[in-house]
Structure formats: structure tokens, C-alpha cells
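Trainee: no sequence on this one, just coordinates:
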């Protein structure tokens with residue numbers, strides 16, 4: 001009878017837990033980005049929504065920074081996403 005590879009089983013469990021945790025964080029980042037884009041488009045039509053868009057932008061930036069700090073997304077990817085969203089927000093602000 002072969003001996004079980006307990007260390008391999010443990011590593012598999014750990015990697016599965018990490019994969020699910022990372023997946024949840026990435027999903028959260030994507031959701032907050034989509035939420036910001038929707039609010040940004042609404043604020044183009046009604047300037048009163050600009051405050052909500054700004055709050056959504058801050059929330060999205062916080063989530064992106066956290067994901068980058070944990071190593072879930074790369075630093076350059078985080079910087080690129082933040083830059084693009086900030087440019088979108090600035091263009092909406094300038095149009096009003």
C-alpha cells in the first residue's frame with residue numbers, strides 16, 4: 001500500500017483556497033470598475049450624478065491598490081487601470 005503524500009494534498013488545498021480568494025478580489029475589482037463606468041456615463045447626462053461617480057472612482061482605486069499590494073494583479077496593470085478611469089472622470093468633469 002502506497003503512503004499518502006500529505007504535503008502535496010496540503011499544498012493543493014492551500015492553492016485552491018488562494019485561487020478562490022484571488023478570484024473574488026479580481027471579480028470585485030471588475031465589478032467596481034463597471035459600476036464606475038455606468039455612473040460616469042450617467043453623470044454625462046445629469047451632472048448631479050458626478051458626486052456618485054467620484055465616490056465610485058475612489059472605491060475602485062482602493063480595491064485596485066489593495067489587489068496590487070496583495071500581488072493579485074501587477075503594479076503596472078493597477079496603474080494603467082487607475083489612469084484610464086481617472087482620465088475618463090477628468091474628461092467628464094471638463095465637459096460639465
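Mentor: The structure has been received and is ready for your questions. Model, not experiment: these values are computed from the prediction. Numbering: from 1, shown residues only.

Trainee: and the lengthiest helix in the chain, what other elements does it pack with?
Mentor: Longest helix in the chain by number of residues, with DSSP state H as the criterion: helix 6-45. Packed against helix 6-45, as judged by 3 or more C-beta pairs under 8 Å, 6 or more residues apart in numbering; DSSP states H and E, are the following elements: helix 50-70, helix 75-95. For every residue, glycine as well, the C-beta is placed using N, CA and C.

Trainee: so which of the ones you listed is the most surrounded?
Mentor: Highest mean neighbour count among the helices and strands packed on helix 6-45 (mean count of other C-beta atoms under 10 Å): helix 50-70, with a mean of 17.

Trainee: tell me the angle it makes with helix 6-45.
Mentor: 160 degrees (axes from the mean of the first three to the mean of the last three C-alpha atoms, to 10 degrees).

Trainee: pLDDT of helix 50-70, averaged?
Mentor: For helix 50-70, mean pLDDT is 95.

Trainee: that one - contacts with which helices or strands?
Mentor: Here helix 50-70 is seen to pack against helix 6-45, helix 75-95 when contacts are counted using 3+ C-beta pairs under 8 Å, 6+ apart.

Trainee: distance from it to the middle of the chain?
Mentor: Mean-position distance between helix 50-70 and its chain equals 8 Å (C-alpha atoms, centre = their mean, to the nearest Å).

Trainee: do stretch 22-41 as well
Mentor: Taking C-alpha atoms, centre = their mean, the mean C-alpha location of stretch 22-41 is offset from the chain mean by 6 Å.

Trainee: need the helices and strands packed on helix 6-45 in TSV with distance to residue 8, can you?
Mentor: As requested, the helices and strands packed on helix 6-45 are exported to TSV (distance: least, C-beta to C-beta, whole Å):
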stretch	distance to residue 8
helix 50-70	25
helix 75-95	31
